[in-house]
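K.L.:
got a sequence here, can you model it:
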Amino acid sequence: MQAGKPIYLSLPDQQGEKVQVSLWTTSGQLMHTRDVQKASHADTYILDLPAISSGFYLLKVKSADRTYIQKLIVNQ
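P.N.:
Below you'll find the predicted structure:
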């Protein structure tokens, strides 16, 4: 992923469910968090972080019954 470009997330399939999207550094610092209500017509969430630095991050998407964690590498 390139720094300054948005991240497009495909959210879990549960329609109308609230999910929490968070971005963490590998040292455990919370960089961004937001609760997102999944609409029936939208399955993509755009995470726009223009000030994010190059490095390794963990992207976490948590629903009521599942947690997804993905490594994210940001380049300049």
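K.L.:
where in this structure is pLDDT low?
P.N.:
Within the chain, the segments meeting pLDDT under 70 span 1-3, 11-16, 38-42.
K.L.:
and the helices in it?
P.N.:
Assigned helices in the chain: none (criterion: DSSP state H).
K.L.:
quick one, strands of this protein?
P.N.:
7-10, 18-25, 30-37, 44-47, 55-62, 67-74 (DSSP state E).
K.L.:
what about Asp48, neighbour count?
P.N.:
By other CB atoms under 10 Å, 10 other residues sit near Asp48. No exception for glycine: its C-beta is placed from N, CA and C like everyone else's.
K.L.:
ugh, typo on my part, it should be Gly4
P.N.:
12.
K.L.:
name the residues of stretch 37-57 that are buried.
P.N.:
For stretch 37-57, a neighbour-count test (16 or more other CB atoms under 10 Å) marks Lys38, Tyr45, Leu47, Leu49, Ile52, Tyr57 as buried.
K.L.:
residue contacts, the third one?
P.N.:
When you say that, I think you mean Leu47. Contact analysis of Leu47 by CB atoms under 8 Å, 6 or more residues apart in numbering lists Pro6, Ile7, Tyr8, Leu9, Val21, Leu23, His32, Leu59.
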